[in-house]
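Asker: what would the 3D arrangement of this be:
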Amino acid sequence: MTATTTARSARLGLRATPEQETVLRRAAEVAHKSLTDFILDAAYQAAEHTLLDQRLFMVSGSQYQALLEMLDRPESDNPGLANLFSRRPVWAEK
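Answerer: Numbers count the residues shown, from 1 in each chain. Below you'll find the predicted structure:
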């Protein structure tokens, strides 16, 4: 859910240098967004990335045991995955 699809009720405040403000305003214009939308979208994406990039996972003993059992299982054929990796990536085509 993005900030533009729901009513905004929380107020955030920040201070920036004049140079930072200039760059942010110019980038918002290029992106055809308001300064608020640009900053919120960028901050939200950075926050999601930070949270998703966590490498420490807290699980119960039974969840940990189940994970170990999955990792110890022999690999199985996955035709869909083999097909995916056999294709040339779109970004590599020129």
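
Asker: next one: residue 44 from residue 7, what distance?
Answerer: 16 Å (CB to CB, to the nearest Å). Bear in mind the C-beta positions are built from the backbone N, C-alpha and C, glycine included.

Asker: more crowded one of those two?
Answerer: Taking other CB atoms under 10 Å, residue 44 and residue 7 do not tie; residue 44 has more neighbours (13 against 5).

Asker: does the more buried one lie in a helix or a strand, and which?
Answerer: helix 35-52 (DSSP states H and E).

Asker: which residue lies nearest the spatial centre of the protein?
Answerer: residue 49 (3.9 Å; CA atoms, centre = their mean).

Asker: show me what contacts that one?
Answerer: Residues in contact with residue 49 (CB atoms under 8 Å, 6 or more residues apart in numbering): none are found.

Asker: where does the protein have low pLDDT?
Answerer: Within the chain, the stretches with pLDDT under 70 are 1-5, 94.

Asker: measure the residue located most distally from the centre of it to residue 64 for me?
Answerer: Distance from the C-alpha centroid of the chain peaks at residue 74, with 31.3 Å (CA atoms, centre = their mean). Remark: distance between residue 74 and residue 64 (CB to CB) = 20 Å.

Asker: assign residue 9 to helix, strand or coil.
Answerer: Under DSSP: H, G, I helix; E, B strand; the rest coil, residue 9 falls in the coil class.

Asker: change the start of the numbering to 651 and stick with it
Answerer: Sure, I'll start counting at 651 from here, so that last one is residue 659.

Asker: tally up the residues packed near it, please.
Answerer: 5.

Asker: next one: residue 682
Answerer: 8.

Asker: so it is in which element?
Answerer: Residue-wise, residue 682 maps onto no helix or strand under DSSP H and E.

Asker: that one and residue 691, how far apart?
Answerer: 12 Å.

Asker: what of residue 697?
Answerer: Using CB to CB, which is the criterion applied here, residue 697 is 11 Å from residue 691.
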